[in-house]
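> task: produce atomic coordinates for the following.
(chains A and B)
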Amino acid sequence: MTTRIVELRRGILKKNDELAAGLRSRFTAAGVLVLNLVSSPGTGKTAFLERTLRELRARGEAAAALVGDLETDNDARRLAASGAPVRQINTHGICHLDAEMIGKHLESWQDVSLDGLNYLFIENVGNLVCPSSYDLGERIRVALLSVTEGEDKPLKYPGLFNSADAAVITKIDIAAPCGFDRELALRNINEIRPGIHIFETSAKTGAGMEAWLGYLAQQAKPA
Amino acid sequence: MHELSIAASIVESVTDAAHAYPGARVKEVRLRVGALASVIEDSLQFCWGLAVEGTPLADAVLAINMLPVILHCDGCGVDSEVAGVQSFRCPGCGALAADLRQGRELEIESIELEEPETSTPVRVEEQA
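Next up, the predicted model:
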């Protein structure tokens, strides 16, 4: 018997990365800005997205959303109240969305064509670990953190926060009763992802939404 | 807990690569995993045991090389290794450094095969 070493140098998630690259080319060609929203369960991704969709529609923008959950279509029904086309992806136990799920659900989405969209939001499964490894073909990855979660979330989940392009702090309307230390939270986010865009928002009062929508408009502009 | 999907992807990839060496047995699979890859070493080892069960890789050892974060500091112009994943500052000057040069890797580096003397590879070059 002899021993042989075979160099592979192959990405473990190569298949996902290739599918994501294909999606990214399609999104770019269609001129749609795609965002992947990631946070813990209960941060308020759905409320934030619902408000975002409503505000975008009020401005005449065409926005749609894919929403991932282990089970139920509750979030899709909530988001659909905004009037935007919304599609639920149930992962049935899988803790993250992957590029294949996105591709499949786009293929069979009758009432939405990418060419007609300005924005497509992908609300990931509530989880701060696993989604960080899976590229969905998005241009912007958004990490969300609520004032109820503790300012050290970015330090506890650096893999996700370091991979994000923008950070959104949610529920700032209840920051004071929660004893939220704003300076500390901002510092922690910046320690893990220096220079990241940070938005402080409340889906309830609308605080901070103007800055967020301004950022979206700027990012959606053709380069 | 996505280590099981990761282990399954490795099994698929390695089984595929080993097809080029008929009669060979995979002894070891070597990974490069960055500190920011969100993969827990113990958890991946545990899931590896489950993923290889009943496959030709059942006896293969998974060797995980965990890689520290390396940052490039624009001010100093150097790449430095950082201890841990709690702060992205240049160890030289203390400035925040966003330019990550290592730490997100999640790849199969190589496989070690044990093969009979007569075995001839039908395909040596792996696609990148």
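
> can you give me the strands for chain B?
B:25-34, B:61-67, B:69-73, B:78-82, B:99-102, B:106-115 (DSSP state E).

> make JSON lines from those strands and add distance to chain A, mean neighbour count and mean pLDDT to it.
For glycine as for every other residue, the C-beta is placed from the backbone atoms N, C-alpha and C. JSON lines is the format used below for the strands of chain B (distance: least, C-beta to the nearest C-beta, whole Å; neighbours: other C-beta atoms under 10 Å in any protein chain shown; pLDDT from 0 to 100):
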{"stretch": "strand B:25-34", "distance to chain A": "7", "mean neighbour count": "20", "mean pLDDT": "97"}
{"stretch": "strand B:61-67", "distance to chain A": "11", "mean neighbour count": "15", "mean pLDDT": "97"}
{"stretch": "strand B:69-73", "distance to chain A": "9", "mean neighbour count": "19", "mean pLDDT": "97"}
{"stretch": "strand B:78-82", "distance to chain A": "11", "mean neighbour count": "16", "mean pLDDT": "96"}
{"stretch": "strand B:99-102", "distance to chain A": "7", "mean neighbour count": "16", "mean pLDDT": "96"}
{"stretch": "strand B:106-115", "distance to chain A": "5", "mean neighbour count": "20", "mean pLDDT": "96"}
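
> just put those in CSV and tack on distance to residue A:159.
Shown next, in CSV, are the strands of chain B (distance: least, C-beta to C-beta, whole Å):
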stretch, distance to residue A:159
strand B:25-34, 9
strand B:61-67, 13
strand B:69-73, 11
strand B:78-82, 14
strand B:99-102, 11
strand B:106-115, 11
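
> any idea which element residue A:57 lies in?
Using DSSP states H and E, residue A:57 maps to helix A:45-58.

> cool, residue A:122 as well?
Short version, using DSSP H and E: residue A:122 is in strand A:119-123.

> extract the CA atoms of that strand and return them as PDB.
Below are the C-alpha coordinates for strand A:119-123, written out as PDB (Å, rounded to 0.1, in the frame of the first residue of the first chain):
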ATOM      1  CA  TYR A 119     -35.700  45.800  -4.300                       C
ATOM      2  CA  LEU A 120     -35.900  42.200  -3.100                       C
ATOM      3  CA  PHE A 121     -35.500  41.600   0.600                       C
ATOM      4  CA  ILE A 122     -34.700  38.100   1.900                       C
ATOM      5  CA  GLU A 123     -35.600  37.700   5.600                       C
END
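
> quick check: next helix or strand after that strand?
Assignment by DSSP H and E places the next element after strand A:119-123 at strand A:140-146.

> please see if that next one touches chain B.
No. With C-beta under 8 Å from any C-beta of the partner chain as the criterion, chain B is not reached by strand A:140-146; the gap is at least 12.7 Å.

> any buried residues in whichever helix or strand comes after that strand, and which?
Sequence order places helix A:153-156 as the next helix or strand after strand A:140-146, per DSSP H and E. By neighbour count on 16 or more other C-beta atoms under 10 Å in any protein chain shown, the buried set for helix A:153-156 is A:153-155.

> just those now: which is nearest chain B?
residue A:155 (5.4 Å; C-beta to the nearest C-beta).

> now do the phi/psi pair for the one residue sitting closest to the centre of chain A.
For chain A, the residue nearest the mean C-alpha position is residue A:37 (1.3 Å; C-alpha atoms, centre = their mean). With angles defined as degrees, to the nearest 10, residue A:37 sits at phi -100, psi 120.

> can you check the pLDDT for it?
As predicted, residue A:37 sits at a pLDDT of 98.

> so in terms of bridging, what pairs with it?
residue A:123, residue A:142 (DSSP bridges).

> if we can go back for a sec, identify the residues contacting the helix holding residue A:57?
A:37, A:39, A:63, A:65, A:67, A:75, A:78-79, A:81-84, A:118-119, A:121, A:123-124, A:126, A:144, A:168, A:170, A:201, A:203-204, A:206, A:209, A:212-213, A:216 (C-beta atoms under 8 Å, 6 or more residues apart in numbering or on different chains).

> helices - which of those land there?
Among the contacts of helix A:45-58, the ones falling in helices (DSSP state H) are A:75, A:78-79, A:209, A:212-213, A:216.

> and those, which two are furthest apart?
Using C-beta to C-beta, these reach their maximum pairwise distance at A:75 and A:213, which is 21.2 Å.

> which strands or helices does the longest helix along chain B pack on?
The longest helix of chain B (DSSP H) is helix B:3-18. Contact partners of helix B:3-18 among helices and strands, from 3 or more C-beta pairs under 8 Å, 6 or more residues apart in numbering or on different chains; DSSP states H and E: strand A:2-11, strand B:25-34, helix B:41-52, strand B:106-115.

> how far does it sit from the chain's center?
Its chain's C-alpha centre and that of helix B:3-18 lie 11 Å apart, by C-alpha atoms, centre = their mean, to the nearest Å.

> stretch A:63-78 too?
13 Å.

> enumerate the positions of that stretch that are buried.
So, applying 16+ other C-beta under 10 Å, buried residues of stretch A:63-78: A:63-69, A:75-76.

> which of these fall within strands?
A:63-69.

> who's in contact with residue A:196?
Residue A:196 neighbours (C-beta under 8 Å, 6+ apart): A:164-167, A:189-190.
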